[in-house]
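*Asks:* Any chance you can model this:
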Amino acid sequence: MKIIDKNIDSGKPFDWGRTSLDYAKFRDIYPPEFYEKIIFRNLCINGQNILDIGTGTGVLPRNMYHYGANWTATDISENQIRQAELLSKNMDIKYFAISAENINFSDNSFDVITACQCFWYFNHEVVMPRFYRMLKHKGSILVLYMAWLPFEDKIAGASENLILKYNPEWSGSGETIHPIAIPDCYKEKFSLVYHEEYPIKISFTRDSWHGRIKACRGIGASLTEPEIAMWEEEHKKLLAEIAPAEFEILHYGAVAELKKK
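*Replies:* Here you go, the predicted structure:
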């Protein structure tokens, strides 16, 4: 499904469904520490009912399934949901292809609503009251994020510059460590009870880093096939020149927990 938002990439259309195969292969990269931050908050465990919004290929519910929560997961892209279902065989995870703004589960259905790498895509004036209604008493919204740090990591910075060469409208560049921004509309019905930001290193090969970059919004989700082919050729050449066969990329992780008042 093509998405157009004037606040993202200056309104340049993007479609996560175009990246689904690469997304499934190359974006399941969160290290144990990322999930430990969630468990530390006693969330997504032991029979809790969880709704994962913008699940993509189901990375969060698949990796946390063994902690014992009951997972429901949604995404706007049918292709993403199809890959999530294929990767979740033998797991009792309920998947639905639906936008966050159209989700309509029953009142008091969930202990936690999670949003990983997707919170800024929502129309918050629409979704906030829905989240409030669907959460149980003292339920939580858990917002999660991880991004590479281009100003602190040479390889990440070079790859990011090449994204911008092919897609100068891409607004995902220039990340620095900072708290997740929570829109003001949440203040009436939710309290920010916890946030944390922390550096984290992720291991890659040239091939897996190339795949990770290709699966980002600035390349695979928005460029034409000829543009992607030209970018791929140039990026592979770049990595051969600047990156060893195996390396780490400096990222930061961030978490924010909102508690229902």
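*Asks:* Of all the helix elements in the protein, which one is longest?
*Replies:* helix 225-242 (DSSP state H).
*Asks:* for that one, the distance to its chain's centre please.
*Replies:* Per CA atoms, centre = their mean, to the nearest Å, the displacement of helix 225-242 from the mean C-alpha position of its chain is 24 Å.
*Asks:* Past it, which element shows up next along the chain?
*Replies:* Next along the chain after helix 225-242, taking DSSP states H and E as the criterion, comes strand 246-260.
*Asks:* packing partners for that next one?
*Replies:* With contacts taken as 3 or more CB pairs under 8 Å, 6 or more residues apart in numbering; DSSP states H and E, strand 246-260 sits against helix 32-40, strand 135-148, helix 154-166, strand 190-205. Any C-beta I mention is one placed from the backbone N, CA and C, and that applies to glycine too.
*Asks:* Buried residues, the shortest one. List them.
*Replies:* So the one you mean is helix 32-40. 34, 35, 37, 38 (16 or more other CB atoms under 10 Å).
*Asks:* Am I right that the third one is in contact with residue 253?
*Replies:* The reference is to residue 37. Yes. Between residue 37 and residue 253 there is a contact under CB atoms under 8 Å: 6.9 Å.
*Asks:* tell me, what's touching these two both at once?
*Replies:* Applying CB atoms under 8 Å, 6 or more residues apart in numbering, one finds that residue 37 and residue 253 are jointly contacted by residue 198.
*Asks:* List the residues that contact residue 77.
*Replies:* Counting by CB under 8 Å, 6+ apart, residue 77 touches 1, 15, 16, 17, 20, 56, 97.
*Asks:* Okay, the fifth one and residue 251: tell me how far apart.
*Replies:* As for residue 20, its distance to residue 251 is 22 Å (criterion: CB to CB, to the nearest Å).
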